[in-house]
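1. below are the sequence and a predicted model for it; my questions follow.
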Amino acid sequence: MIKTSKSRAGTQRVTFSLPAGAPPGRVSVVGSFNDWTPGRHHLTPRSNGRRSASVEVTPGTVLQFRYLGEDGHWFDDPEVPDRVDGNCVYATN
């Protein structure tokens, strides 16, 4: 699941969220916003039973991303239907 909110600085905060155990182990979100660098945005456990990571972007940014789990397991966000070059695509407002 992806949630977008406005920040005080005029940027948009994009929060990537997955259930706590699906998949098990450590997961990071990797994409155009972090130069496709694994491990820069690990999803961390939250009190609501999910785990998440957030990035700040300029409004109107189009993000491409995928999730990277343990043992090099790449996977997509099941709630994001749009794809470009095999990557999930999410556009901010």
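-> Arrived safely.
2. what about the spatially closest residue to S54 that is not a sequence neighbour, distance to D71?
-> Distances taken as CB to CB, 6 or more residues apart in numbering put T15 closest to S54, at 4.4 Å, once the chain neighbours are dropped. C-beta: built from backbone N, CA, C; applies to glycine. Relative to D71, T15 is positioned 25 Å away (CB to CB, to the nearest Å).
3. looking at those two, which is more packed in?
-> T15 (17 against 7; other CB atoms under 10 Å).
4. can you pull the contacts of that one?
-> I2, K3, T4, S5, S52, A53, S54 (CB atoms under 8 Å, 6 or more residues apart in numbering).
5. could you redo the last one with a cut-off of 10 Å?
-> 1-5, 29, 43, 46, 50, 52-55 (CB atoms under 10 Å, 6 or more residues apart in numbering).
6. likewise W74?
-> Per CB under 10 Å, 6+ apart, neighbours of W74: V30, P38, R66, Y67, L68, G86, N87.
7. any idea how far the fifth one lies from T11?
-> Taking CB to CB as the measure, L68 and T11 are separated by 24 Å.
8. which of those two has more neighbours?
-> L68 (20 against 15).
9. doesn't V27 make contact with that one?
-> Yes - shown here, L68 and V27 form a contact pair, counting by CB atoms under 10 Å, at 6.8 Å.
10. just grab the bridge partners of the most centrally placed residue in the chain for me.
-> Centroid-nearest residue in the chain: F16, 3.7 Å away (criterion: CA atoms, centre = their mean). Counting by DSSP bridges, F16 is bridged to I2, A53.
11. and F33, which of the three is it?
-> Classification of F33 using DSSP: H, G, I helix; E, B strand; the rest coil returns helix.
12. with that, I have no additional questions.
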